[in-house]
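Colleague: mind folding the following:
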Amino acid sequence: MKQLHIWGFCISVFLIQWDLSAQNTVSPTLANATIDSLEVKPKPPMSLRFGADLFRLVRSQYEDDYSGFEVVADFRISPNFYLATEFGNEVLTKQSEQVNFTTEGSYYKIGFDLNMFENWQGMDNQVILGLRLASSSHNQFLNAYTLLDRTPFWQNPEDQITSGFATGARSDLNALWFEVIAGFKVELISNIYLGLSLRLNRLLNDTVPENFENIHIPGFNKKTEDNNFSAGFNYSLSYRIPFRAQKN
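Modeller: All right, here's what the predicted structure looks like:
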């Protein structure tokens with residue numbers, strides 16, 4: 001009986017030593033497999049991306065009463081956070097009820113974008129939510145207007161008045177607003193991105209021209225006396241410049 005206990009002890013020691021040896025042999029492989037499985041998505045490099053709004057360029061070619069452009073840029077400072085800006089210029093001539101006017105001026109926007117999309121390995125696409133603070137510097141020109149007075153005092157009340165009282169330029173006008181943005185950017189080929197963003201604008205303040213109104217504000221779009229909200233969008237093509245090489 002004593003010998004059976006001795007043999008049982010020896011066999012147990014042998015099995016423990018064999019198990020530890022097997023663990024030492026397999027564990028490096030398992031560790032490497034674990035590390036490889038965790039390195040599915042490499043950290044994207046810090047980068048500058050710049051481009052232009054395609055919609056405004058195309059509209060300028062096909063509409064005689066409109067001319068404009070917009071330059072877009074963003075700077076990635078973390079995997080999902082971008083500093084972003086836009087700069088543009090617009091000239092628009094429009095008939096609005098009894099008034100024909102021209103608005104011309106430039107604007108700039110600055111803010112940030114947050115990427116809400118979890119990329120797979122090798123992808124760099126974004127679903128974006130963002131904010132912008134925007135400002136414009138513009139001029140308004142009242143080209144012509146039609147009187148609403150239907151009394152016999154005016155011989156031809158339907159004729160447009162193109163000179164004299166109230167017509168002409170209103171210069172040095174400004175507006176300030178903020179934008180809430182939702183959109184996406186897709187990498188078409190390496191470092192080339194196509195983007196679409198929808199924008200809800202809220203006017204904070206504007207310089208009201210004398211004997212007139214800011215019916216259209218560059219970058220903000222249509223503005224009415226009773227409504228300080230507007231909407232817009234851009235359709236951009238941009239190129240990315242990485243600032244540092246990706247670490248393996």
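Colleague: show me how this protein divides into domains.
Modeller: Domain ranges of the chain: 1-39, 47-242, per automatic domain parsing.
Colleague: switch those over to a markdown table; also include mean neighbour count and mean pLDDT.
Modeller: To be clear about C-beta, it is placed using only N, CA and C from the backbone, and glycine gets the same treatment. What follows is the domains of the chain, written out as a markdown table (neighbours: other Cβ atoms under 10 Å; pLDDT from 0 to 100):
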| stretch | mean neighbour count | mean pLDDT |
| --- | --- | --- |
| domain 1-39 | 9 | 46 |
| domain 47-242 | 16 | 90 |
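Colleague: partners of the residue most central in space within the chain in the sheet?
Modeller: The C-alpha lying nearest the average C-alpha coordinate of the chain belongs to Ser197 (Cα atoms, centre = their mean; 5.5 Å). Applying DSSP bridges to Ser197 gives these bridge partners: Gly183, Asn234.
Colleague: who touches it in this structure?
Modeller: Ile128, Gly130, Ile181, Ala182, Gly183, Phe184, Phe233, Asn234, Ser236 (Cβ atoms under 8 Å, 6 or more residues apart in numbering).
Colleague: Phe212: what secondary structure?
Modeller: Here Phe212 is recorded as coil under DSSP: H, G, I helix; E, B strand; the rest coil.
Colleague: what's it sitting at in phi/psi?
Modeller: The phi/psi pair for Phe212 (degrees, to the nearest 10) reads phi -160, psi -170.
Colleague: quick one on the thing from earlier: any chance of TSV for the contacts of Ser197, columns distance to Ile110?
Modeller: Shown next, in TSV, are the contacts of Ser197 (distance: Cβ to Cβ, whole Å):
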residue	distance to Ile110
Ile128	15
Gly130	11
Ile181	12
Ala182	18
Gly183	17
Phe184	21
Phe233	18
Asn234	15
Ser236	16
